[in-house]
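[1] Just the structure for this:
(one chain, ligands or ions: 1)
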Amino acid sequence: MESSTFVLFGATGDLAKRKIYPALYNLFLDGQISGPLSVIGLGRREVSNEAFRKQILQSLQTFSRQPAVDSPQLQVFLEAFEYSVLDVGNTEDYFKLLEHVKRREQLFNIPENRMFYLSVGPEFFKEIAANIHSSGLGSTKGWKRLIIEKPFGTDLKSARELNDSLNAVFTEEEIFRIDHFLGKPMVQNLEVLKYSNPVLRALWKNRYIANVQITASETVGVEERAGYYDKAGALRDMFQNHMLQLLMMMAMQLPKGSTPEEIRGKKRYVMEHLIPISKDEVNKHVVRGQYAEGEMKGNSVAGYLNEPGINQSSQNETFIAARLFIDDPLWNEVPFYVRTGKRMKEKSTRIVIEFKEPFNDSNNLNKGNDVPNLLIIEIGPNEAITLQLNTKDQLQKGKLEPVLATYEAGTSDVPEAYENLIFDALRGDATFFAHWREVELSWQWVTPIQEAMEEGLMPLHTYASGSYGPDAAMELLGEDRWWFDE
Ligand code: NAD
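    Numbers count the residues shown, from 1 in each chain. The predicted structure is shown next:
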């Protein structure tokens, strides 16, 4: 990995403090950043370098997985940061930034490799990219790359427009679209789990898999994000990006040792073969809901409509569940049940694979016992892999009982999503970033749902805070059931 200058737009923001500084610090401590680290933080307010470094120190002390104790290393890390004022719309500021970047490149003998990280609101993305171009910041002898946060558009049309304007300055290979779910260690582990375990590989087909369930449930409500969330809803905020990315990662089939390009090609294949839902079929396959008041851990909490900043007649969804099918010989007729919501009973991101009873065997010991084999992949907050098997319960006259064989991964030593992603972007590996085609196909897939919502064709079910979502989401599964809703 060659050294580079890290140019951070939105350096005084929440994401920078909670995720980006701790990630850079941990990479630095682990010796993963080659050459001198040089970061230029940008924000609208005037902040001295000293005050900026104090903010970073505070962020490390609050959020870093490795302690930020006073040490020569910590000092070297903090001194790598300088601050510049930059108003996104002020072209002069970009010329000043270019001078700043060049000064530091010369001072530390850093080649003209520039990483531009846009940790600012999406309304600024186009303008920043255009100014990077017109100021000459993007004309480098080395590489230039762009890391961009979600949301990438609000629908298919706006996403295409945004992509066109970014492509005027950066090529697809230079754009690293963050979907932080792809940085999570257990998501990155999915592929290895499949191809390095012949036991699983052998069963990874519709003959043996009954259904796949992907859940990302949150316990929090809308919090301080009313302005954004009341327009976005669960479909745009979670489903179009994180949930469909999890589905792609789960469903793709890869030979061992695939290249990043092959991996992304397989993900695109999944999206290209995801059977579209037409607007008039949406209600058969998709359920949306909004949380009402309820109880969370013994405390009563307000319903969505009574949250600060939310319009009392809001029809926005805080929950969405869908049944999807993939048109591929491997997955034919295997439903993928996907759901996500706020104010649900537990905080959990999890994939459950329910296996079938494929053998029509009259001697089958398992006959009459309704407990299928399950593979449960816990992605967060805990990371674990569990296999549910049936065994004989000797105390119950040999009756079958399900047991769980669990491997618990994840300790405080495991790098966090942002560490993995920033490290990959710095070395130019785009495997765990969303390719434009994936984003475009995802928007395309959700368009009929967006339209059905806008045209008032979809009922909005309510669900009690602290529950697992509306009853309609249970009914969506027909004879199947969501596992672990207890
Ligand atoms: P934030 O509001 O806390 O910070 C925004 C930053 O942008 C600040 O540093 C501010 O100085 C800067 N800024 C605002 N207007 C500016 C202007 N005119 N010129 C220059 N700088 C300006 O936002 P955040 O929570 O840090 O989020 C940043 C981005 O990351 C957003 O795109 C958000 O959607 C995305 N995101 C955030 C999170 C999160 O957990 N916070 C998660 C996922 C995605």
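[2] just checking, residue 453 is part of a helix?
    Yes - using DSSP: H, G, I helix; E, B strand; the rest coil, the assignment for residue 453 is a helix.
[3] was I right about residue 191 contacting residue 266?
    No - under the criterion of Cβ atoms under 8 Å, residue 191 makes no contact with residue 266, lying 9.4 Å away. Every C-beta, even on glycine, is put in place using the N, C-alpha and C of the backbone.
[4] Overlap in contacts, those two.
    Common contact partners of residue 191 and residue 266 (Cβ atoms under 8 Å, 6 or more residues apart in numbering): 252, 254.
[5] In this structure, what residue comes closest to the ligand?
    residue 13 (2.3 Å; Cβ to the nearest ligand atom).
[6] tell me the centre residue of this protein?
    residue 181 (2.6 Å; Cα atoms, centre = their mean).
[7] How far away from the center of its chain is the helix or strand containing residue 98?
    Assigned by DSSP states H and E, residue 98 belongs to helix 91-108. Chain-centre distance of helix 91-108: 33 Å, with Cα atoms, centre = their mean, to the nearest Å.
[8] ok, and what's touching that helix?
    With contact meaning Cβ under 8 Å, 6+ apart, helix 91-108 is reached by 3, 5, 7, 35-36, 38, 40, 42, 82, 84-87, 110-112, 114, 131-132, 134-137.
[9] Now, those residues that are in strands?
    Of the positions in the contacts of helix 91-108, 5, 7, 38, 40, 42, 82, 84, 85, 114 sit in strands, assigned by DSSP state E.
[10] Tell me the one of those nearest residue 29?
    residue 38 (17.0 Å; Cβ to Cβ).
[11] Tell me if I'm right that residue 255 and residue 195 touch.
    Yes - Residue 255 is within contact range of residue 195, at 7.3 Å (criterion: Cβ under 8 Å).
[12] who has more neighbours, the two?
    Set side by side, residue 255 and residue 195 show more neighbours around residue 195, with 17 against 8, by other Cβ atoms under 10 Å.
[13] OK, contacts around that one?
    Taking Cβ under 8 Å, 6+ apart as the definition, contacts of residue 195 comprise 201, 254, 255, 256.
[14] Name the SS class of the last one, please.
    Right, the one you point to is residue 256. Classification of residue 256 by three-state DSSP places it in coil.
[15] Could you measure from the nearest residue to it once chain neighbours are set aside over to residue 204?
    The shortest distance from residue 256 to any non-neighbouring residue, by Cβ to Cβ, 6 or more residues apart in numbering, is to residue 195 (4.9 Å). Distance, residue 195 to residue 204, by Cβ to Cβ, to the nearest Å: 9 Å.
[16] ok, now residue 406?
    21 Å.
[17] Neighbour count: these two, which is higher?
    A direct count of neighbours by other Cβ under 10 Å for residue 406 and residue 204 places residue 204 higher, at 18 against 12.
[18] residue contacts, the more buried one?
    Residues counted as contacts of residue 204 (Cβ under 8 Å, 6+ apart) are 194, 253, 330.
[19] again, only this time at 7 Å
    Residue 204 sits next to residue 194 when contact means Cβ atoms under 7 Å, 6 or more residues apart in numbering.
[20] Also the one 10 residues further on?
    Under the criterion of Cβ under 7 Å, 6+ apart, the neighbours of residue 214 are 243, 246, 247, 250, 336, 338, 351.
[21] In helices only, show me those.
    Applying DSSP state H to the contacts of residue 214, the entries found in helices are 246, 247, 250.
[22] In JSON lines: those, plus distance to the ligand and neighbour count.
    Listed next are these as JSON lines, based on distance: Cβ to the nearest ligand atom, whole Å; neighbours: other Cβ atoms under 10 Å:
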{"residue": "246", "distance to the ligand": "16", "neighbour count": "28"}
{"residue": "247", "distance to the ligand": "20", "neighbour count": "24"}
{"residue": "250", "distance to the ligand": "22", "neighbour count": "19"}
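[23] can you list the residues you listed in a markdown table and add pLDDT?
    Converted to a markdown table, these look like this (pLDDT from 0 to 100):
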| residue | pLDDT |
| --- | --- |
| 246 | 98 |
| 247 | 98 |
| 250 | 96 |
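[24] Name the nearest of the residues you listed relative to residue 54.
    residue 246 (38.1 Å).
[25] doesn't residue 181 make contact with that closest one?
    Yes - between residue 246 and residue 181 there is a contact under Cβ atoms under 7 Å: 6.1 Å.
[26] can you give me the strands in the stretch 251-400 of the chain?
    With strands called from DSSP state E, counting those that start in this stretch, the stretch 251-400 of the chain shows them at 286-296, 299-301, 319-324, 336-341, 348-355, 374-380, 383-393, 399-409.
[27] Give the other helices and strands that the third one contacts.
    If you count contacts as 3 or more Cβ pairs under 7 Å, 6 or more residues apart in numbering; DSSP states H and E, strand 319-324 packs onto strand 286-296, strand 336-341.
[28] As CSV, could you dump the C-alpha coordinates of the last one?
    Presented in CSV, the C-alpha positions along strand 336-341 are these (Å, rounded to 0.1, in the frame of the first residue of the first chain):
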residue,chain,number,x,y,z
PHE,A,336,-35.8,-15.2,1.1
TYR,A,337,-37.7,-13.5,3.9
VAL,A,338,-36.2,-10.1,4.7
ARG,A,339,-37.3,-7.7,7.4
THR,A,340,-36.0,-4.6,9.2
GLY,A,341,-37.6,-2.3,11.7
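[29] which outside residues touch it?
    So strand 336-341 is in contact with 211-218, 234, 238-239, 243, 247, 289, 318-324, 469, 473, 477, going by Cβ under 7 Å, 6+ apart.
[30] sorry, back to before: which positions within the helix holding residue 98 qualify as buried?
    93, 94, 97, 98, 100, 101, 104, 105 (16 or more other Cβ atoms under 10 Å).
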